[in-house]
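K.L.:
here you go, sequence then predicted model.
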Amino acid sequence: MKDEARLENIDQLTNLIEADSNEHALKEIATLFVSAINDWPSQNQTNINEYIEELHNYFGTPITKDAILSKTTSDSSEDLWRKESAASLLELLDIAEKQYQEEDLKQLIQTIVKYYQNPSVITDPVALLEQFGVYDEKMDLSSYQYPTLELLPSLLQPLFSKMGQEASQYKLPLLLDGSEDLKLRELYHHPNILLAGTIASGKTQFVYNQLVMWLYLYHPAQLKLVICRSKPVDYNTLAILERHFLAALPGVETPLVEGKQVCSTIDAIILECEQRLNLFQKAGVKGVEDYNNKFINRTLDPNLGHRYLPNIVLVMDDIQTFLDENTIKSLIALTRMNLYTGIYLLAVTSQIMSRIITPQLRANFSVRIGMKLMSQNESKKILDCVGAEKLASPGELIYEQGERLGKGTQPYVEYNFIAAICKFISEQRGYPSAYLLPIYEIELPSIGDFDIETRDQLFREAAQLIVMHQQGSTALIQRKLKLGYNRAVRIMDQLEAVGIVGPFEGSKAREVLYPDDTL
Ligand SMILES: Nc1ncnc2c1ncn2[C@@H]1O[C@H](COP(=O)(O)OP(=O)(O)OP(=O)(O)O)[C@@H](O)[C@H]1O
């Protein structure tokens, strides 16, 4: 984590609260705390710790509601100010008790200081872009409000509150254990995670837990998700986050990735990865963390292609359903090059066969997690040791990273709460579209018997669509580019003229003559 200026002074805290455009319980508590300090009858009190010490001297230790109530009785004019101050303290302890089950004022103030000391929680990189001269009104989500803890069941609020405090030290955390021993894992040095478990062992819940945690921690400018699903019923709740947190290929209808699109999407992520590595080289840095710091500190010129790089997490649930030969090759390529790029892969499977998780691919997953597995043999295949066959299902897991092994339990966040969090986010202003993944530009052939000037304006987009989907269908152009039939037919004729598709074949789709490995 980078060093932050220490937050000790009451004026600093007041300024940070004012700059925090989100409404949440911690801000309310911090505001009451500032007003309690301002009312406290001591000379020029400006230091937060000294103020806490004065409170301890006066109320005793710990400073609880009972301690405050039993002290605030006398009527001298100095005590009137103390009473005012105490009223704010009582109010803030009241909120803290309900929201965070915290009764000790000192602990609470430490939490506030920690929260406001870490600017990544409150700083919006998009708002910062304004300073770089590349500010774009359409991309401004500076009024974005992070989901509040109240959207979670009250039983889980203390866990997420603790998570929020601890997670500020991580570049991207993974939740491994949600029991009393909260256990998070830093993914920056281990960006590829494999999760295996039998059917109904809690794998999808594991994925949702990570997503919910990240949605609590990050601004839409900082995190993008690509979700590959095998069943159309999965992850529908997340589709409404398209314009906030999802990344997608240009021109696709649903931002949740299925079937044939999986391989082209992974290839697009590989391209994004390559672009990032180029940017790092130009910037003279090793990874995304230093790169973004340089960008925020205005040492990288946006006119040279530099931009803020969000974390991108590729989630592949039921990975076995996507793994044909090409996809395995692409995944191996991706997992070889994505270290420190801010691009992560979370792969989930219920099938432990080496045909699916090939030794080459397995070796690139440096974080491996087993939920309940069928046999000792399966456990060994995933974790290099037995044990996962004995886990309680759903929810328990064993994780392995390098030499270490650990056991954890996943919390259970019911889907209606997840849906409420997504709804809370989706109702806010979003970007004009999903974060668009790059696609390889097609070198259009120069052959053809029509004038380039007469090409349809959407000719290039249509060509990319047809080649990407390997489907010479007029209906596809109509649907994806939202065009009328006649215009789509005209474009198809133009595509035939340059040799991208074959001739019209009646009710059959035209043959695509341009191979998709050029994409
Ligand atoms: N930690 C947990 N505590 C209690 N119930 C849980 C927990 N995790 C999951 N469940 C419940 O167990 C069931 C199976 O969970 P989930 O769908 O996550 O499993 P899965 O491994 O993804 O299953 P599949 O392989 O069929 O996709 C669901 O009904 C879910 O609500």
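P.N.:
Perfect, I can see it now.
K.L.:
use CA for all of it now, contacts and neighbours both
P.N.:
Will do.
K.L.:
gap between Ile328 and Ala462?
P.N.:
Distance of Ile328 to Ala462, given as C-alpha to C-alpha, to the nearest Å: 28 Å.
K.L.:
wasn't Thr237 part of a helix?
P.N.:
Yes - under DSSP: H, G, I helix; E, B strand; the rest coil, Thr237 sits within a helix.
K.L.:
count of neighbours near it?
P.N.:
Neighbourhood size, Thr237 [other C-alpha atoms under 10 Å]: 16.
K.L.:
quick one, grab the pLDDT at Thr73.
P.N.:
pLDDT recorded at Thr73 is 65.
K.L.:
can you map out the strands along the stretch 401-519 of the chain?
P.N.:
404-409, 435-436 (DSSP state E, counting those that start in this stretch).
K.L.:
return the distance of the helix or strand harbouring Lys83 from the chain's centre.
P.N.:
Element membership of Lys83 [criterion: DSSP states H and E] is helix 77-100. Offset of helix 77-100 from its chain centre (C-alpha atoms, centre = their mean, to the nearest Å): 37 Å.
K.L.:
what residues does it touch?
P.N.:
With contacts defined as C-alpha atoms under 8 Å, 6 or more residues apart in numbering, helix 77-100 is touched by 25, 28-29, 32-33, 35-41, 64-65, 68, 72, 102-105, 108, 149-150, 157-158, 161.
K.L.:
so who does the residue in the stretch 351-500 of the chain positioned nearest to the ligand touch?
P.N.:
Proximity of the stretch 351-500 of the chain to the ligand (C-alpha to the nearest ligand atom) peaks at Gly395, 3.7 Å away. Shown in contact with Gly395 (C-alpha under 8 Å, 6+ apart): Ser201, Gly202, Phe206, Met371, Thr409, Gln410, Pro411, Tyr412.
K.L.:
neighbours around the closest residue to the first one other than its chain neighbours, how many?
P.N.:
For Ser201, the nearest residue in space outside its immediate sequence neighbours is Pro394; the separation is 4.3 Å by C-alpha to C-alpha, 6 or more residues apart in numbering. The number of residues packed near Pro394 is 20, by other C-alpha under 10 Å.
K.L.:
repeat that for Leu334.
P.N.:
By other C-alpha under 10 Å, 23 other residues sit near Leu334.
K.L.:
which of the residues in stretch 162-175 are buried?
P.N.:
Of all the residues in stretch 162-175, those buried under the rule 16 or more other C-alpha atoms under 10 Å are Met163, Gly164, Gln165, Glu166, Ala167, Ser168, Leu172, Pro173, Leu174, Leu175.
K.L.:
and the chain, which of its residues are near the ligand?
P.N.:
Residues of the chain found near the ligand (C-alpha under 6 Å from any ligand atom) are Ile199, Ala200, Ser201, Gly202, Lys203, Thr204, Gln205, Pro394, Gly395, Gln410, Pro411, Tyr412.
K.L.:
can you pick the most crowded of those residues?
P.N.:
Using other C-alpha under 10 Å as the neighbour criterion, Lys203 leads the residues of the chain next to the ligand with 26 neighbours.
K.L.:
the ligand versus the closest residue to Leu32 other than its chain neighbours, what's the distance?
P.N.:
Leaving out its chain neighbours, the residue that sits closest to Leu32 by C-alpha to C-alpha, 6+ apart is Ser88, at 5.5 Å. Between Ser88 and the ligand the computed distance is 39 Å (C-alpha to the nearest ligand atom, to the nearest Å).
K.L.:
one step back: may I see the ChimeraX selection of the buried members of the contacts of helix 77-100?
P.N.:
Selection of buried members from the contacts of helix 77-100 for ChimeraX, criterion 16+ other C-alpha under 10 Å:
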select :25,29,32,33,35,36,37,38,39,40,41,64,65,68,72,102,103,104,105,108,149,157,161
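K.L.:
hang on, Leu225 is in a strand, isn't it?
P.N.:
Yes - counting by three-state DSSP, Leu225 is found in a strand.
K.L.:
I'd say it and His244 touch.
P.N.:
No - contact criterion C-alpha atoms under 8 Å: Leu225 and His244 do not qualify, at 9.6 Å.
K.L.:
for Gln99, give me the pLDDT.
P.N.:
Gln99 is assigned 69 on the pLDDT scale.
K.L.:
actually Arg307, not the one I typed
P.N.:
88.
K.L.:
contacting residues around it?
P.N.:
Applying C-alpha under 8 Å, 6+ apart, the residues near Arg307 are Phe295.
K.L.:
ditto for Ile356
P.N.:
Contacts of Ile356 by C-alpha under 8 Å, 6+ apart are Gln320, Leu323.
K.L.:
tell me which stretches of the protein form strands.
P.N.:
Using DSSP state E, the strands of the chain run over 173-177, 183-186, 192-196, 223-228, 247-248, 311-316, 343-349, 367-370, 396-401, 404-409, 435-436.
K.L.:
could you redo the ones you listed as CSV and give each row mean pLDDT?
P.N.:
Formatted as CSV, those follow (pLDDT from 0 to 100):
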stretch, mean pLDDT
strand 173-177, 96
strand 183-186, 94
strand 192-196, 97
strand 223-228, 97
strand 247-248, 94
strand 311-316, 97
strand 343-349, 97
strand 367-370, 95
strand 396-401, 90
strand 404-409, 90
strand 435-436, 92
